[in-house]
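Trainee: quick one, what's the 3D model for this:
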Amino acid sequence: MTDMDAIGRYVRMAALPGQAEALRERMLAVAEAVRDAPGCLLYVVNQAADDPDTIWITELWRSQEAADAALQTEGAQAAMPGVLELVDRGQLERIDMVPVGGHGFAPPGRGYAIVHLPDLEDAAARFGFGEQGEARFARAALGAQDTGLSVQRLHPGKRQAFGHSHHLDEEIYVVLEGGGRIAVDDELVEIKALDAIRVAAGSTRAFQAGPEGLTFLATGAHHAGDAEMVPGFWPGTASEG
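Mentor: Here you go, the predicted structure:
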């Protein structure tokens with residue numbers, strides 16, 4: 001595959017009178033149907049800021065073949081019927097694009113990188129949190145553009161000094177050693193070795209180690225500036241906004 005195989009597309013739809021909500025729901029169903037389709041990098045349903053009856057679809061695909069195949073899947077085929085009955089066909093517009101680069105688009109490449117996680121700098125010590133534990137972030141060392149990875153350790157009985165949430169990025173945590181608790185919004189959940197925990201972007205989370213300490217991997221999509229820190233976060237305690 002070459003960089004030029006990728007395709008972008010904007011589709012503009014104007015809903016018939018009284019059909020704007022139905023059109024939004026139908027196109028969101030299409031977006032859900034193609035979410036896991038091979039080669040689907042982006043499929044976003046947008047409502048025009050100045051016209052609630054106008055919908056824009058923003059698409060990014062690895063290839064035209066991937067786009068064609070995704071729209072032929074059972075889920076997409078089930079979601080598509082009736083779309084044309086909801087739109088003004090005289091105002092249906094499609095603009096095809098050729099992505100050339102930029103933030104949010106990583107052209108396909110080849111190769112690999114290996115780092116030994118214990119050799120990475122301890123960011124916790126660098127920022128004055130060494131008493132709580134260790135945190136080593138691998139994304140930059142690996143040269144990864146779209147994926148974050150860190151290994152973090154909390155000393156026995158210690159709690160993270162702050163929680164955090166994301167605007168876009170879903171994260172998955174895997175407990176490697178020890179155990180403790182994770183706070184997610186207003187819930188506290190016990191965790192142990194080899195537990196995998198998914199946390200949605202909008203939820204605030206923080207960890208506390210048990211008597212054996214807690215070591216975990218954190219990984220997920222990466223968008224620069226996406227994280228929001230919440231000092232003092234823990235259910236049942238005062239948090240600073």
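Trainee: does anything pack onto the longest strand seen in the chain? Which helices or strands?
Mentor: In the chain, with assignment by DSSP state E, the single longest strand is strand 205-221. Judged by 3 or more C-beta pairs under 8 Å, 6 or more residues apart in numbering; DSSP states H and E, strand 205-221 is in contact with strand 133-137, strand 147-154, strand 162-166, strand 171-184. For glycine as for every other residue, the C-beta is placed from the backbone atoms N, C-alpha and C.
Trainee: give the buried residues for whatever helix or strand comes next after the first one.
Mentor: Taking DSSP states H and E as the definition, the helix or strand that follows strand 133-137 towards the C-terminus is helix 139-142. For helix 139-142, the buried set under the neighbour-count rule, 16 or more other C-beta atoms under 10 Å, comprises Ala141, Leu142.
Trainee: contacting residues around helix 139-142?
Mentor: Residues outside helix 139-142 that contact it (C-beta atoms under 8 Å, 6 or more residues apart in numbering) are Ala113, Val115, Leu120, Thr147, Gly148, Leu149, Ser150, His222.
Trainee: next, count neighbours for Phe233.
Mentor: Here the count is done by other C-beta atoms under 10 Å, and Phe233 has 23 residues near it.
Trainee: gap between it and Val199?
Mentor: 13 Å (C-beta to C-beta, to the nearest Å).
Trainee: distance of Asn46 relative to Gly178?
Mentor: 44 Å.
Trainee: er, Gln72 I mean
Mentor: Using C-beta to C-beta, Gln72 is found at 48 Å from Gly178.
Trainee: repeat for Glu228
Mentor: Remark: distance between Glu228 and Gly178 (C-beta to C-beta) = 27 Å.
Trainee: Arg24 sits in which helix or strand?
Mentor: Arg24 belongs to helix 20-34 when elements are defined using DSSP H and E.
Trainee: quick one: mean pLDDT for the helix or strand just after that helix?
Mentor: Per DSSP H and E, the first helix or strand lying C-terminal to helix 20-34 is strand 40-48. Across strand 40-48, the average pLDDT comes to 94.
Trainee: quick one, strand 40-48 and helix 20-34 angle?
Mentor: Calculated by axes from the mean of the first three to the mean of the last three C-alpha atoms, to 10 degrees, strand 40-48 forms an angle of 170 degrees with helix 20-34.
Trainee: and the next helix or strand past strand 40-48?
Mentor: Heading C-terminal from strand 40-48 (DSSP H and E), you reach strand 51-61.
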